[in-house]
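Enquirer: I'll drop the sequence and a predicted model, then ask my questions.
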Amino acid sequence: MRQAERNYASAIAVYSEGIYEEACFESRQAAEKAVRALLNYLHKERRGHSLLFLASEASIDVPDNVKRCILDLDKHYIPSRYPDVFDEGAPLDYYSEEDAEACLSCVKKIIDWVKSIAK
């Protein structure tokens with residue numbers, strides 16, 4: 001969980017510098033580490049990087065707002081990093097301040113949800 005919080009802090013830092021695609025990626029990474037911390041707390045393990053399938057391994061009820069955030073953040077795993085995802089340009093051309101704010105809001109919800117379970 002400590003590393004999830006560190007990635008969240010990194011997401012905030014790059015957001016403040018206007019590096020929105022990286023803020024989305026760091027938010028997604030923080031979410032993955034938080035969900036993995038939950039699985040660790042529950043003595044479960046799953047390989048892969050899909051937040052959706054990692055969270056499903058917990059076999060607990062995921063609130064709708066957290067589930068929506070998991071789905072939204074999962075979409076930033078590849079496009080926020082690789083320029084060959086887009087026909088032209090690079091991730092920095094496609095990510096906005098609003099995108100980064102949405103990612104930061106979502107990762108905060110996920111971290112808070114995990115902390116409410118894994119006390």
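Expert: Okay, I see it.
Enquirer: so what's the residue count around Asp93?
Expert: The number of residues packed near Asp93 is 10, by other CB atoms under 10 Å. In this view, the C-beta of every residue, glycine as well, is placed from N, C-alpha and C.
Enquirer: try Asp87
Expert: 5.
Enquirer: helix, strand, or coil at it?
Expert: coil (DSSP: H, G, I helix; E, B strand; the rest coil).
Enquirer: roughly how far does it sit from Pro79?
Expert: As judged by CB to CB, to the nearest Å, Asp87 and Pro79 stand 12 Å apart.
Enquirer: find me the pLDDT at the residue sitting nearest the centre point of the chain, would you?
Expert: Central residue check for the chain by CA atoms, centre = their mean: the C-alpha nearest the mean position is that of Arg28, 2.1 Å away. Here the pLDDT value assigned to Arg28 is 98.
Enquirer: what helix or strand is it on?
Expert: helix 20-41 (DSSP states H and E).
Enquirer: name the residues of stretch 5-19 that are buried.
Expert: Neighbour-count burial for stretch 5-19, with 16 or more other CB atoms under 10 Å as criterion, is recorded at 7-8, 10-12, 14-15, 19.
Enquirer: so the residue lying farthest from the centre of the chain versus Tyr94, what's the distance?
Expert: Here the chain reaches farthest from its C-alpha mean at Glu88, the gap being 25.1 Å by CA atoms, centre = their mean. In this view, Glu88 and Tyr94 are 10 Å apart by CB to CB.
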